[in-house]
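>>> Structural data only, the sequence is not supplied:
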């Protein structure tokens, strides 16, 4: 039996393409599962005042908030129509719209990235679309007999800062504006409000740590018939409050814990961080601050000063400053109040 050998250059390119394909597939799956932006489908409710903001984004740090700019425009029409918005104010990043379907139909918002919505009479939909260069209007395309009402306004999309837990891990919503925290808010389908997934475990369970052709081939075969259970934590990154399954479902699919996947594909996920983000201990009791510093793997050193403003025993200042990154085993200096000066 004869065999055919691949050209070495072609074989190398094929291996690189396979690894890239698996990595891209993993990234796509993560975006599909964890995307909590404002590209909402038909039936999404609109908050009071018509601001098209997903309520879940307001409940976790790192979420985006759309700040209205200028006066909103409201228009009721039948059939296709263009809504003039005027010149966008300085700082505008998008157009927020809230659609009320007065009769059943399908609606398309024209332009790059425009949404398509199908809804019944009386239902509502909303979205925030990026502002296109030179855009001063938004067009709604639908059948000539379909009626609708639209409220649209310019907005500026900003990201709220991530939270930081006692271990120095960041937590919140993973979004393009803010990057990716150490702990990402669990998807709504997990059914656990206030739950978080560690980014390392999520990346591992999605195949994002695959780094060579051998692993790529093994992962492609493994992930077709296996899903992975990862824990859902509180924002402290320690307390487990549930679990979430990543991967395919259906007959013949087996379920394994994240530890099984990590041993085979993601050994790097078990490497602990050597840096700690320092919380703000100013105003906290000395004993509580020192205990928390010890729990972070750091050393506390106290000095004492009189203070007319800070109660005795509370922290006046800390060095390094809150938010600084400190190596494990590093020293944190606490300045503690002894109360008002004697005789004051």
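Yes, it's here. Nothing here was measured: the structure is a model prediction, and the numbers come from that model.
>>> Neighbours of residue 293, how many?
The number of residues packed near residue 293 is 24, by other CB atoms under 10 Å. Every C-beta, even on glycine, is put in place using the N, C-alpha and C of the backbone.
>>> which non-adjacent residue is nearest it?
The shortest distance from residue 293 to any non-neighbouring residue, by CB to CB, 6 or more residues apart in numbering, is to residue 300 (4.3 Å).
>>> quick one: the residue sitting nearest the centre point of the chain and residue 182, what's the gap?
Nearest to the geometric centre of the chain sits residue 174, at 1.5 Å (CA atoms, centre = their mean). Separation of residue 174 from residue 182 (CB to CB, to the nearest Å) stands at 10 Å.
>>> Same question for residue 136.
Shown here: residue 136 relative to residue 182, a distance of 41 Å by CB to CB.
>>> which of those two has more neighbours?
Between residue 136 and residue 182, counted using other CB under 10 Å, residue 182 has the larger neighbour count: 20 against 13.
>>> for the more buried one, what are its contacts?
169, 170, 171, 198, 199, 200, 237 (CB atoms under 8 Å, 6 or more residues apart in numbering).
>>> now the residues you listed in TSV, with pLDDT, distance to residue 293 and secondary structure?
TSV is the format used below for those (pLDDT from 0 to 100; distance: CB to CB, whole Å; DSSP: H, G, I helix; E, B strand; the rest coil):
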residue	pLDDT	distance to residue 293	secondary structure
169	89	16	coil
170	89	19	strand
171	90	20	strand
198	93	23	strand
199	91	25	helix
200	92	24	helix
237	91	17	coil
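>>> what packs against the helix or strand hosting residue 218?
Per DSSP states H and E, residue 218 falls inside helix 213-224. Using 3 or more CB pairs under 8 Å, 6 or more residues apart in numbering; DSSP states H and E, the elements in contact with helix 213-224 are helix 8-34, helix 258-265.
>>> rerun at 7 Å
helix 8-34 (3 or more CB pairs under 7 Å, 6 or more residues apart in numbering; DSSP states H and E).
>>> and after the helix it packs on, which helix or strand comes next?
strand 64-78.
>>> In space, what's closest to residue 161 - neighbours in sequence excluded?
residue 61 (6.1 Å).
>>> Quick one: neighbours of residue 141, just the number.
Residue 141 has 15 neighbours, counted by other CB under 10 Å.
>>> thinking it is in contact with residue 106, fair?
No. The pair residue 141 / residue 106 is not scored as a contact, 9.0 Å apart, by CB atoms under 7 Å.
>>> which helices and strands does the next helix or strand along the chain from the helix holding residue 218 pack with?
Heading C-terminal from helix 213-224, the first helix or strand you meet, by DSSP H and E, is strand 226-233. Counting contacts by 3+ CB pairs under 7 Å, 6+ apart, strand 226-233 is packed against strand 196-198, helix 199-205, strand 240-246, strand 254-257, helix 258-265.
>>> Other residues contacting strand 226-233?
183, 186, 190, 192, 195-197, 201-202, 205, 239-249, 253-258, 261 (CB atoms under 7 Å, 6 or more residues apart in numbering).
>>> Restrict the residues you listed to the buried ones and give me that as a ChimeraX selection.
Those of these that count as buried under 16 or more other CB atoms under 10 Å are selected in ChimeraX with:
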select :183,186,190,192,195,196,197,201,202,205,243,244,246,247,258,261
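>>> Domains in the chain, by residue range?
48-159, 168-270, 275-337 (automatic domain parsing).
>>> What's the separation between the closest residue to residue 180 other than its chain neighbours and residue 156?
Distances taken as CB to CB, 6+ apart place residue 174 nearest to residue 180, at 4.8 Å, with adjacent residues excluded. Applying CB to CB, the value for residue 174 to residue 156 is 21 Å.
>>> do residue 96 as well
Where residue 156 is concerned, residue 96 sits at a distance of 10 Å (CB to CB).
>>> Looking at these two, which has the bigger crowd around it?
A direct count of neighbours by other CB under 10 Å for residue 96 and residue 156 places residue 96 higher, at 25 against 17.
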